[in-house]
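Trainee: The following comprises the amino acid sequence and a computationally predicted model.
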Amino acid sequence: DILVDGQLCDCDVVVNCQVGDPVPLEVKLTNWSKHSVGPFALTMMPYQDYQNGVHNYDLQDAITFVGSNTFYIDSVKPTKDSVYFGALLFLYTGDFYLNIKFHEDNCSRELPLSWLCLPSVHIRATEPVV
């Protein structure tokens, strides 16, 4: 589950926020398997979609994370969940997206890391109301 500013997000929802206000993020990973899973790394990567196939990930002047954009998860037991909190601060107006990826963080494997990508979250930053 992904919550942005307290709103449950899916691919059809646009979350509106104001420039200069921290936007709380919450990502919950639930283990529905019969075995413990992990270790994982959870990474959140903001970008702008120029609608022509180009994604701009170079946004350090437009967006900053309050805290880290990467969280490490040792393991999640069966039927349990792990919740991670963070926040984004938008410095400019615009339409932004957030890629959220989980990847295995186990260096003892011989196979390449496997990734689980959630649908992108659409966030629209607008001017503050005076």
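Mentor: The structure has been received and is ready for your questions.

Trainee: buried stuff in stretch 82-99?
Mentor: Across stretch 82-99, burial judged by 16 or more other Cβ atoms under 10 Å covers Ser82, Tyr84, Gly86, Ala87, Leu88, Leu89, Phe90, Phe96, Leu98, Asn99. The C-beta positions use only the backbone N, C-alpha and C, and glycine is treated the same way.

Trainee: Which residues outside the helix or strand encompassing the last one are in contact with it?
Mentor: Spelled out, that is Asn99. In this structure, Asn99 is located in strand 94-104 according to DSSP states H and E. With contact meaning Cβ atoms under 8 Å, 6 or more residues apart in numbering, strand 94-104 is reached by 2, 4, 14, 25, 27, 29, 39-49, 55, 59, 62-63, 88, 90, 113-118, 120-125.

Trainee: In ChimeraX, select just the buried ones from these.
Mentor: Restricted to buried positions by 16+ other Cβ under 10 Å, the ChimeraX selection for the contacts of strand 94-104 reads:
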select :2,4,25,27,29,40,42,44,46,47,48,59,62,63,88,90,118,120,121,122,123,125
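
Trainee: now, which of the contacts of strand 94-104 lie within helices?
Mentor: Using DSSP state H, no member of the contacts of strand 94-104 falls within helices.

Trainee: Looking at the contacts of strand 94-104, which are in strands?
Mentor: With strands defined by DSSP state E, the entries of these inside them are 2, 4, 14, 25, 27, 29, 40-49, 55, 63, 88, 90, 115-118, 120-125.

Trainee: Strand partners (parallel or antiparallel) of the strand holding Asn99?
Mentor: strand 40-49 (antiparallel), strand 115-126 (antiparallel) (DSSP bridges).

Trainee: Same list (those strands) but as a markdown table, adding mean pLDDT.
Mentor: Listed next are the strands paired with strand 94-104 as a markdown table, based on pLDDT from 0 to 100:
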| stretch | mean pLDDT |
| --- | --- |
| strand 40-49 | 87 |
| strand 115-126 | 78 |
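
Trainee: right, and the pair among the buried residues of stretch 82-99 with maximum separation?
Mentor: Ser82 and Phe90 (26.6 Å; Cβ to Cβ).
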